[in-house]
Each structure stands twice: as C-alpha cells, then as structure tokens.
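K.L.:
Provide a 3D model corresponding to the input given below.
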Amino acid sequence: MKKSTLWILSAVALAALLAGGARWASQRQADKTPTAPTAAVAPSIELATSDVFTARTQTLNLGIAVSGALKASESAIVKARVAGELQELSVREGDRVQAGQVIARIEPIEYQARVRQAQQQADAAKAQVDIAQRQFDNNQALVNQGFISQTALLTSQASLNGATATHAAALAALDLANKSLADATLRSPLPGVVAQRLAQPGERVAIEARLVEVINLSQLELEAALTAEDASLVRVGMTAQLQVDGVDAPIPAKVLRINPSAQTGSRSILVYLGIKGREGLRQGQFAQGTLGTQSLQVMAVPVDSVRIDKPQPYVQVVQDGKVAHITVRTDVRSEGERQTLVAVTGVTEGTQVLSGSVGAVREGVLVKFTAPGNAAKVKP
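P.N.:
Modelled structure (predicted):
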C-alpha cells in the first residue's frame with residue numbers, strides 16, 4: 001500500500017474517534033445537568049358536613065346504664081276460688097275492665113244447694129236454742145219457788161249453752177256456704193286491661209285454676225340489676241331517660257325503690273324505676289337508658305372520634321383546610337345516649353373534629369367539603 005493511502009485511512013479513523021469522544025462527553029454533561037422538578041400533587045379528602053363534629057362545652061349527664069323489660073306495677077291473676085264448670089267468661093285479651101267488674105261465673109247450683117242446707121241446719125239449731133231457753137226459764141222459776149233443786153237448774157243451763165253453741169256453728173257453716181256461692185262469681189280486683197285469657201267457658205276448673213290476667217298500665221316499672229358499686233351511687237328520687245322499643249321520644253323515669261338485698265349468685269342489686277303510663281307503652285317492652293347521677297359542664301367530643309392507634313390518644317381535626325392530629329386526655333363520658341360523648345382536654349372551643357366513621361387520615365391531607373350526606377373520600 002502506498003504511504004499516502006495509509007495516511008489518509010489513519011486520518012479518517014482519528015476523525016471518527018474524535019467525533020465519538022465528543023458525543024460521549026456531551027452526553028455525560030447532559031446527564032449531570034439537573035432537570036426541573038415535577039410539581040407534587042398534595043393528597044386531599046372530601047368530607048360531608050356530617051363527618052365533622054364541632055367541639056364545644058356542653059352538659060354531660062353522667063350516670064349508670066340501665067336496661068330491662070317493662071312490667072306493670074299492678075297486675076293480678078284471677079283464679080277460681082271454687083271448683084266447678086266455667087259457665088261464663090265475658091272478657092278477652094285487650095278488653096278494659098274496672099275494679100269489681102264481673103268477668104266470669106262458675107256454675108252456682110251446687111253452692112246454692114249448700115246454702116239452703118246450711119240455712120236449714122241453722123234454723124233447726126235456733127229451734128233447739130228456743131226450747132232450751134224455755135226449759136231454763138221454767139227451771140229458774142221453780143228453783144226460786146223451791147220446787148226443784150239447784151242441780152236441775154244447772155243441767156238446764158248446760159243444755160241451753162250447748163244449743164246456743166250448736167246454733168253458732170250452724171251460722172258459721174251458713175256463712176261459709178254463702179261465701180262459696182259468692183266466690184262462684186269472679187270480679188276484677190283492679191282496673192286495667194286483660195292481658196291473658198287462660199280458660200274457656202264450659203271447662204271444669206279446679207280451685208286455684210288460672211282464668212284471666214289483668215294488668216294496670218297507668219304505672220310501669222323497670223327492674224334494673226346494678227353492681228354493688230353502681231347501686232351505692234343511686235338514691236330514691238333520681239331520674240333517668242329511657243329509650244323504649246317502638247317509642248321515638250325518650251321516656252322519663254324515677255327511682256322508686258332499691259332492693260335492700262343482693263341477688264344470690266350474681267350479687268347484683270335491683271333498682272326499680274317508675275314510669276308513668278302513656279300511649280304506646282306496653283308490658284314486656286325492652287327499655288334502656290341512663291340513670292343520671294351527676295351533671296358536668298365540659299368540653300366534649302364523640303367518643304368514637306378519639307383514636308388510640310398512637311402512644312397517646314388523639315383526635316383528627318381540620319386546621320387551615322388540612323387534617324391535623326391533636327393529642328388529648330380523656331375523662332368522663334355520657335353513657336347510654338344516642339351519641340356517646342367523652343370529656344377531653346387539649347381541644348379548644350369550635351374545633352372541627354373528624355368523626356370516627358372517617359377512619360385514619362394522615363396529617364397534612366387537604367380537606368374539601370362536599371354536599372351533605374356524601375361519604376368521606378380520600379383523593380391522592
């Protein structure tokens with residue numbers, strides 16, 4: 001190869017090498033040049049007005065949770081006092097009755113016959129008394145005249161006493177017969193409503209057979225079982241607010257009595273709360289509520305707003321349009337209300353606190369309020 005050609009090829013290779021090096025250096029320089037950062041989009045959350053509670057100072061009615069079934073203060077089971085065929089039973093469940101109203105009759109023929117028998121025996125005994133009385137009077141006159149001895153008078157006196165006693169026993173038997181006849185007619189012992197009809201006309205019933213239950217709904221009671229510690233705080237006359245199944249409005253109640261004895265086994269103490277009867281209240285309905293023992297003015301928030309997934313309890317609040325976490329210290333709470341509240345320190349008046357239904361939200365998340373009723377929704 002000619003020397004000139006070799007020089008030409010070498011020059012071309014060197015030029016290519018230099019061009020590649022320049023391109024590589026330019027790429028390295030471009031990689032080192034910082035690029036403008038992309039703006040980060042802050043996360044946000046959409047809340048409905050129902051998802052936020054405004055903390056404020058309010059009255060907490062502190063008390064003891066009570067629950068149980070309502071029962072009438074006055075109730076009675078009308079039972080058969082004599083045996084016989086049930087001739088009439090004129091009331092059914094739901095019928096109103098008055099005290100002394102006739103509600104059932106048992107066949108009276110047998111008892112009417114016993115009354116006549118007892119009356120005749122009493123009349124016969126009375127005749128014997130009359131005879132003995134005349135004999136005694138005659139003997140008394142003869143003794144005074146000296147015709148008979150004192151012993152004969154004493155004998156007639158004994159006969160009179162025996163006849164008198166027999167007459168008294170016959171009268172007592174007549175009273176028993178009359179009572180049995182009267183017991184064949186059954187009357188309501190109190191005013192109220194028939195709750196149960198336990199027999200049918202035509203049945204033969206025995207003594208003490210249950211026929212009808214009558215309850216008086218003008219006064220109801222709730223029997224609440226409390227621990228010894230809670231019962232020690234209760235006093236006669238304390239008031240309570242109860243929620244009764246099927247009744248929207250709360251029902252006021254008052255402590256009427258406190259059982260002096262603890263229950264065997266559970267060691268609980270029964271407290272009886274009185275409720276004035278009203279439309280819609282029935283025996284057996286379930287009631288629950290709070291027996292108030294104290295009222296306090298405190299800063300309060302819903303108990304489910306206080307979170308405990310950190311070392312210290314805290315609440316999630318809205319500050320400057322963002323979510324912030326505030327450490328709080330909890331105190332007493334109001335038990336048994338529709339929304340249970342807890343007293344807290346660390347929160348100021350008017351602070352917007354997120355409800356427990358929102359769940360955990362990171363600090364710094366933007367807050368946007370939506371139309372009422374929309375559920376909370378976090379946007380990235």
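K.L.:
so where do the helices sit in the chain?
P.N.:
Using DSSP state H, the helices of the chain run over 3-32, 109-145, 150-183, 228-231.
K.L.:
for the closest residue in space to residue 76 that isn't next to it in sequence, what are its contacts?
P.N.:
Residue nearest to residue 76 in three dimensions, not counting chain neighbours: residue 189, with 4.8 Å by Cβ to Cβ, 6 or more residues apart in numbering. C-betas here are computed from N, CA, C, even on glycine. For residue 189, the contacting residues are 76, 78, 99, 214, by Cβ atoms under 8 Å, 6 or more residues apart in numbering.
K.L.:
now, of those residues, which are buried?
P.N.:
78, 214 (16 or more other Cβ atoms under 10 Å).
K.L.:
for the spatially most central residue of the chain, list each beta-bridge partner.
P.N.:
Nearest to the mean C-alpha position of the chain, by Cα atoms, centre = their mean, lies residue 287 at 2.5 Å. Beta-bridge partners for residue 287, by DSSP bridges, are residue 68, residue 244.
K.L.:
that one reaches residue 241, doesn't it?
P.N.:
No: proximity of residue 287 to residue 241 does not meet the contact threshold set by Cβ atoms under 8 Å, at 10.3 Å.
K.L.:
before we move on, the earlier item: need the helices of the chain in TSV with distance to residue 332, can you?
P.N.:
Shown next, in TSV, are the helices of the chain (distance: least, Cβ to Cβ, whole Å):
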stretch	distance to residue 332
helix 3-32	65
helix 109-145	67
helix 150-183	59
helix 228-231	14
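K.L.:
shared neighbours of residue 287 and residue 241, anything?
P.N.:
Residues touching both residue 287 and residue 241 (Cβ under 8 Å, 6+ apart) are residue 251.
K.L.:
if we can go back for a sec, of the helices of the chain, which shows the lowest average pLDDT?
P.N.:
Lowest mean pLDDT of those: helix 3-32, a mean of 59.
K.L.:
circling back to that earlier point, can you tell me which two in the contacts of residue 189 are farthest apart?
P.N.:
78 and 99 (12.0 Å; Cβ to Cβ).
K.L.:
give the residues shared as contacts by those two.
P.N.:
188-189.
K.L.:
ok so, going back, narrow the contacts of residue 189 to those in strands?
P.N.:
Counting by DSSP state E, the part of these found in strands is 76, 78, 214.
K.L.:
a markdown table please, covering those and showing distance to residue 273 and pLDDT.
P.N.:
Shown next, in a markdown table, are the ones in strands among the contacts of residue 189 (distance: Cβ to Cβ, whole Å; pLDDT from 0 to 100):
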| residue | distance to residue 273 | pLDDT |
| --- | --- | --- |
| 76 | 22 | 94 |
| 78 | 28 | 95 |
| 214 | 23 | 96 |
